[in-house]
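>>> could you work out the structure for the sequence below:
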Amino acid sequence: MEHTCNGCPEYQELSRRHFMAASGVTMAALAIPSWMPRVAIAKDYRSTQRDIIISIYLRGAADGLTICAPYADNGYYSNRPNLAIPRPDSGLTPRLTDLDNFFGLPPGMLPLLPAYQAGRLLFVHAAGSTDPSRSHFDAQRFMEVGKANDLTLSTGWLGRHLAGVGAMVPGSLLRGIGISTGLQRTLVGGPLTLPIPDLDGFGILGNSGTTTQRKIALNDMYALTVDPLRSAGLNSVNTIDLLNTINFATYAPGGGAVYPAGGFGLALKQTAALIKANVGVEAIAIDIGGWDTHAAQGVTTGTMHNLMTTLSSTLAAFHTDMFSATNPSFSLVAMSEFGRRVGESGSLGTDHGHGNVMIVMGNCVGGGRVFSNWTGLGARQIYQNLALQVTTDYRDVLGEIVQNRLGNPDLATVFPGYAPTFRGVFSC
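Predicted coordinates:
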């Protein structure tokens, strides 16, 4: 969200296009959104016991071999003589912190250790899309729509989930939010779903003295139109009133949690306030960019260390905040389009790879472990002799969330052409 990067030209262009496409929009839904479903016939899987889902996308292809390092695999050290972090028992500083006698956390991820030890955080390693693309644009699109190489599919997996189930809170004005200037493709197709970059600042810009009159005029204007424009316009105006009932500016996190400054910290802090307000929101999508580390990766100081520190300290604050008292149940998943290559580059970075790590946090996560079908980092074990194999399809993890925690068994619609294999991500 707030990070610059030393990424490849494609990633920089992708980031620029995303910004340009979304910039200049004050009230995104006061026109007919291209992503709005024309017809949504929801099956009644309604239940107040469903989790709220937070989908976090690490844009730029994060290096999972650093985020959760396989220190017991000798290939990690032989392939990365400069970027591998010393073993937990090395006595060196900095060094990894052991998780399970095989994987370890780098210093930048250490804020997540308490959540891991509490059993509420799980790493899923050697995970990702089995599609071989190393294009940021294609890989992100394929993962967000939930199917590779299908340009006819424009809606996102999470948007289709929302469109396929009844509202968790009947009569909700807002079911999905992308905390961004433009709606993440993951949520495209979701009913009552909006992109809002700052939940505390969503409103009608201009002279505050005429806000009420302009709001009345907008209501009158859209009341005279027909759907879908009428519903989109009126819902946007009503959403402004809804969010104004939540005092985001003075929200006090529970348990003494302190969210880091910056866009990602603000987004998760506002997410916590929104969830606790119980206004019916079911899905929140957040991006954190800058992970395209081709050069000067900086695993213990520098670019990636700073990114990991932002990610982990923000997730740790959210964990403390949400588990300080009885709050609505949630499932949080963080993933990236693909991982980095096993070997380091001459510029002390890593190029586009394949397999990666996913992070899952929540009330019912079977955490305190690293789940992985690990095939190794040896010369004959890695994908195309370059990268970590994908042995767990990312849709296996998402599918288990959708069915077991979001109450939607219609996985054939959410993930067309794929039948997820559940991996035991959840303990309840």
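>>> so for this protein, the centremost residue is which one?
residue 56 (1.1 Å; CA atoms, centre = their mean).
>>> helices and strands around the strand or helix carrying that one, which ones?
Residue 56 belongs to strand 52-59 when assigned by DSSP states H and E. Packing partners of strand 52-59 (3 or more CB pairs under 8 Å, 6 or more residues apart in numbering; DSSP states H and E): helix 136-145, helix 263-276, strand 283-289, strand 330-336. (C-beta placed from N, C-alpha, C; glycine too.)
>>> what about stretch 347-361, how long is it end to end?
Stretch 347-361 has an end-to-end distance of 34 Å (CA to CA, to the nearest Å).
>>> show me what counts as buried in it.
By 16 or more other CB atoms under 10 Å, the buried positions in stretch 347-361 come out as 348-361.
>>> packing partners of the longest helix belonging to the chain?
In the chain, with assignment by DSSP state H, the single longest helix is helix 303-322. Under the contact criterion of 3+ CB pairs under 8 Å, 6+ apart, helix 303-322 touches helix 64-67, helix 113-117, helix 263-276, strand 283-289, strand 330-336, strand 356-362.
>>> need the winner for burial among those.
Most buried of those by mean neighbour count (mean count of other CB atoms under 10 Å) is helix 64-67; its value is a mean of 29.
>>> next structured bit after it?
helix 74-79.
>>> what element comes up after that next one heading to the C-terminus?
Immediately after helix 74-79, counting by DSSP H and E, sits strand 97-98.
>>> show me the shaky parts of the stretch 1-150 of the chain.
Across the stretch 1-150 of the chain, the ranges flagged by pLDDT under 70 are 1-6, 14-48.
>>> rerun at 90
1-49 (pLDDT under 90).
>>> same question, the stretch 301-428 of the chain
Counting by pLDDT under 90, the stretch 301-428 of the chain contains no low-confidence segment.
>>> if we can go back for a sec, can you put the helices and strands packed on strand 52-59 in TSV and add distance to residue 122?
What follows is those, written out as TSV (distance: least, CB to CB, whole Å):
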stretch	distance to residue 122
helix 136-145	19
helix 263-276	18
strand 283-289	19
strand 330-336	10
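>>> tell me which of these lies nearest to residue 184.
Residue 184 sits nearest to strand 283-289 of all the helices and strands packed on strand 52-59, at 4.4 Å, using CB to CB.
>>> ok but residue 419 is inside a helix, no?
No - Residue 419 is assigned coil when assessed by DSSP: H, G, I helix; E, B strand; the rest coil, not a helix.
>>> follow-up on the earlier one: closest one of the buried residues of stretch 347-361 to residue 251?
Among the buried residues of stretch 347-361, and counting by CB to CB, the member closest to residue 251 is residue 361, at 20.0 Å.
>>> that closest one touches residue 322, doesn't it?
No - between residue 361 and residue 322 there is no contact under CB atoms under 8 Å: 9.1 Å.
>>> re the thing from before, out of the helices and strands packed on strand 52-59, which comes closest to residue 125?
For residue 125, the closest of the helices and strands packed on strand 52-59 is strand 330-336, at 11.9 Å, according to CB to CB.
>>> any idea of the pLDDT on residue 220?
At residue 220, the pLDDT value in this model is 71.
>>> ok but it is inside a strand, no?
No - Residue 220: not assigned to a strand; according to three-state DSSP it is helix.
>>> switch the helices and strands packed on helix 303-322 over to a markdown table; also include distance to residue 193.
Shown next, in a markdown table, are the helices and strands packed on helix 303-322 (distance: least, CB to CB, whole Å):
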| stretch | distance to residue 193 |
| --- | --- |
| helix 64-67 | 29 |
| helix 113-117 | 28 |
| helix 263-276 | 14 |
| strand 283-289 | 8 |
| strand 330-336 | 17 |
| strand 356-362 | 21 |
